[in-house]
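J.: Need coordinates for the following:
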Amino acid sequence: MGTATNLNLHSGEAEAIVIVKAVPHASKKHGETVCCAGIDLHGNWLRLYPVSFRSLDEGQKFGRWDRIRFKWRKPSDDHRIESHRVDQDSLEIVGEIKRSERQSFLSNLIVTSLERERAAGRSLALLKAKILDFKIEKRSDKEIASETVRFAALHSQKDLFNTKSIIPYQPCRYSFKYRYQTDDGIREGTCQDWETEATFYNWEKRYGETQALTAIQRIFGEEWPSKGMLLAMGTHSLYPDVWLINGVVRLDEVNQPTLF
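T.: Okay, the predicted model is just below:
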């Protein structure tokens, strides 16, 4: 299965199972980037950044549950223990975890308190929470326009970020929000999972906007929470006490501590 990732090293090579692929972010320093996170083969969380996902070669474009190998070094501007700066050219997909193995692979990482994780110095967590509400909110035209301009400006500087000629990312017109209960109390946050957004776009093309939104509400707001779902959480780089919903993970028969 390979060796464990030594989080105290300054550089190295690692393998991880991808759990998180958040929506693209417009960064003045790194260009269009995607915050990704995975779990190495011995149960350590690894934050992988920056990844200019849409400029990757087709054979490098990984998804959730893919097993990837990459070279990394510790960043000088991000002191969260799980954070690794990825050598994007070294990324390769080397396998995929079987569906039958996913529950056992993740079971020891499931938590029900973010405050306990923060107190232990961790900034990534796989959270089992009671979903109280799921809301779809239309974003303002002004907000969408501003974000679109930022991405377009980045892609006009291809030489600076050494990116391929790709169509600028189009921000989603909707926000998907969860209100949920943990051992710490009730929280609310916007889901930044790229696969959720991509699902909306795919269904919109096939069925139209109204039916796509109805299906998103049913699947992510009702079916997944009832059948088994985890929230992949991560702290904000500038605000370590702020937890963001970076991904939603569908998983049957989740073993967990008893809530409340």
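J.: Next up, the contacts around the residue nearest to Thr182 when sequence neighbours are not counted.
T.: Spatially, and ignoring its direct neighbours in sequence, Thr182 is nearest to Ala129 (5.0 Å; Cβ to Cβ, 6 or more residues apart in numbering). C-betas here are computed from N, CA, C, even on glycine. By Cβ atoms under 8 Å, 6 or more residues apart in numbering, Ala129 lies in contact with Thr112, Tyr180, Gln181, Thr182, Arg187, Leu231.
J.: Write down the beta-bridge partners of the second one, one by one.
T.: In this case it means Tyr180. Ile131, Arg187 (DSSP bridges).
J.: For Ile186, give me its contacts.
T.: Ile186 neighbours (Cβ under 8 Å, 6+ apart): Leu132, Arg179, Tyr180.
J.: And the pLDDT at the closest residue to Gln181 other than its chain neighbours?
T.: Spatial nearest neighbour of Gln181, excluding adjacent residues (Cβ to Cβ, 6+ apart): Lys130 at 4.3 Å. Looking at Lys130, its pLDDT is 96.
J.: How many neighbouring residues does Lys130 have?
T.: 13 (other Cβ atoms under 10 Å).
J.: again with the one 10 residues further on
T.: Counted with other Cβ under 10 Å, the neighbours of Ser140 add up to 10.
J.: again with the one 10 residues further on
T.: Other residues within reach of Arg150 by the criterion other Cβ under 10 Å amount to 17.
J.: I'd like the distance between the closest residue to it other than its chain neighbours and Arg187.
T.: Excluding the flanking residues, the one nearest Arg150 by Cβ to Cβ, 6+ apart is Ala26, at 4.2 Å. Look at Ala26 and Arg187: by Cβ to Cβ, to the nearest Å, they are 26 Å apart.
J.: Over to Gly228?
T.: Gly228 sits at a distance of 20 Å from Arg187 (criterion: Cβ to Cβ).
J.: So the two - more neighbours on which side?
T.: Arg187 (18 against 15).
J.: which SS class is the residue nearest to Arg150?
T.: With DSSP: H, G, I helix; E, B strand; the rest coil as the basis, Ala26 sits in strand.
J.: My understanding was that it contacts Glu147; is that so?
T.: Yes: in this structure Ala26 lies within contact range of Glu147 using Cβ atoms under 8 Å: 7.1 Å.
J.: which of these two has more neighbours?
T.: Per other Cβ under 10 Å, whichever of Ala26 and Glu147 has more neighbours is Ala26, with 20 against 17.
J.: Take the contacts of Ala129 and write them to CSV, including pLDDT.
T.: Listed next are the contacts of Ala129 as CSV, based on pLDDT from 0 to 100:
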residue, pLDDT
Thr112, 97
Tyr180, 98
Gln181, 98
Thr182, 97
Arg187, 97
Leu231, 98
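J.: Can you select the buried ones among these for me in PyMOL?
T.: Applied in PyMOL, the following selects the buried portion of the contacts of Ala129 according to 16 or more other Cβ atoms under 10 Å:
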select buried, resi 112+180+182+187+231
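J.: Can you add distance to Asp57 and give the contacts of Ala129 back as TSV?
T.: Formatted as TSV, the contacts of Ala129 follow (distance: Cβ to Cβ, whole Å):
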residue	distance to Asp57
Thr112	39
Tyr180	37
Gln181	42
Thr182	39
Arg187	38
Leu231	31
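J.: for the residue nearest to Arg150, what are its contacts?
T.: By Cβ under 8 Å, 6+ apart, the neighbours of Ala26 are Glu32, Glu147, Arg150, Phe151, Ala153, Leu154.
J.: Nearest to Pro171 among the residues you listed?
T.: Nearest to Pro171 among those: Glu147, at 4.3 Å, using Cβ to Cβ.
J.: Sort out which residues of stretch 116-130 are buried, please.
T.: Residues Glu117, Arg118, Arg122, Ser123, Leu124, Ala125, Leu126, Leu127, Lys128, Ala129 are the ones in stretch 116-130 that count as buried (16+ other Cβ under 10 Å).
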